[in-house]
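K.L.:
structural data only, the sequence is not supplied:
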């Protein structure tokens, strides 16, 4: 049976190749799109963790993803927070979301308070802000954009001199002075959120509840860093979870349609072959097994091709979009494999049973 299956696929190389490529596209779609979404989410989690904050205070109605909220809160909230027990440092941050080439969140920071929360920056080149038009960037942005300390870059229709290059993982990839950010986004004396450092991180939940009792802050979003990190998963973000389900659904449809068309056409073309098999005693179960095993072989070849192309695409994407992270995890490799096989087998079920139902006499008489 195995020799016959391989011979059938080789005899129709174009159709077999199209089926393999279709399954490969299905796998690539899942691995790269889901990998990009997962990679961006995990990258955001790790950089937020790297701020060193124990509690995050955000205005009412804030987006779950840090950086998508604007700067709607008075910076004076920081003074209220500093008066609370167990709080040793508060850093207001004004943020803006840009999409010029890469999706990116820019931080406007007060350097002194930001370093009081997370510790001093480790400068690889240059140093801290020297003027309102200075910018600090991380090493990923510097290498990806081929810039160094002293280079001039432009964002928000404003030119900045790169004052320093720091290690990545401190919240954003680019930082500008807080006052400059407020002026650029027309948010004078306002902030997007406040990073809070405690004397003891184990007090984070109690302090978060305490902050909500402050007059005027009852509706603020106040979370311990541990709580916020626990929410930043693909399963707990409704929008991202729905997006991934749509991608997987589209992938299944692609595999189903292409395999169905390929195997249905193959069954029609092999009517006499099926008649000969049945006249030689092949059972309906045998015919179904032949069709399904051919489909499985095509699916496996497509899965292997899709995985190879996906991994080959990672360095290309890293070169083209150096600040984005695509994560292909073993879990999603397994899921992509299962989804591709399910889509292919669903597409082959009807052609297989149609082949099994053919009457051998009619099949042998078929021209």
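P.N.:
Alright, I've got the coordinates. If you're wondering where the values come from, they're calculated on a predicted model, not measured in any experiment. Numbering: from 1, shown residues only.
K.L.:
give the helix, strand or coil label for the closest residue to residue 192 other than its chain neighbours.
P.N.:
Closest residue to residue 192 apart from its sequence neighbours, by Cβ to Cβ, 6 or more residues apart in numbering: residue 95 at 4.2 Å. Where you see a C-beta, it was placed from the backbone N, CA and C, and this is true even at glycine. What DSSP: H, G, I helix; E, B strand; the rest coil gives for residue 95 is strand.
K.L.:
ok, residue 264 - contacts?
P.N.:
Contacts for residue 264 were tallied using Cβ atoms under 8 Å, 6 or more residues apart in numbering; they are 350-351, 354.
K.L.:
most neighbours, which of those residues?
P.N.:
Counting neighbours by other Cβ atoms under 10 Å, residue 351 leads the contacts of residue 264 with 24 neighbours.
K.L.:
which strands and helices sit next to the helix or strand hosting that one?
P.N.:
Using DSSP states H and E, residue 351 falls within helix 330-356. When contacts are defined as 3 or more Cβ pairs under 8 Å, 6 or more residues apart in numbering; DSSP states H and E, helix 330-356 sits against helix 13-28, helix 238-269, helix 284-320.
K.L.:
next one: that helix to chain centre, how far?
P.N.:
Relative to its chain's centre, helix 330-356 lies at 25 Å (Cα atoms, centre = their mean, to the nearest Å).
K.L.:
now do the buried residues in it.
P.N.:
By 16 or more other Cβ atoms under 10 Å, the buried positions in helix 330-356 come out as 332-333, 335-337, 339-341, 343-349, 351-352, 354-356.
K.L.:
thinking again about what came up before, will you turn the helices and strands packed on helix 330-356 into JSON lines that also has distance to residue 159?
P.N.:
Shown next, in JSON lines, are the helices and strands packed on helix 330-356 (distance: least, Cβ to Cβ, whole Å):
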{"stretch": "helix 13-28", "distance to residue 159": "40"}
{"stretch": "helix 238-269", "distance to residue 159": "35"}
{"stretch": "helix 284-320", "distance to residue 159": "25"}
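K.L.:
ranking the ones you listed by burial, who's on top?
P.N.:
Ranked by mean neighbour count, those are led by helix 13-28 with a mean of 20 (mean count of other Cβ atoms under 10 Å).
K.L.:
beyond that one, next helix or strand please.
P.N.:
For helix 13-28, the succeeding helix or strand toward the C-terminus, using DSSP H and E, is helix 35-49.
K.L.:
just give me the neighbour total for the residue nearest to residue 192.
P.N.:
If we define neighbours as other Cβ under 10 Å, then residue 95 has 23 of them.
K.L.:
all good on my end, thank you.
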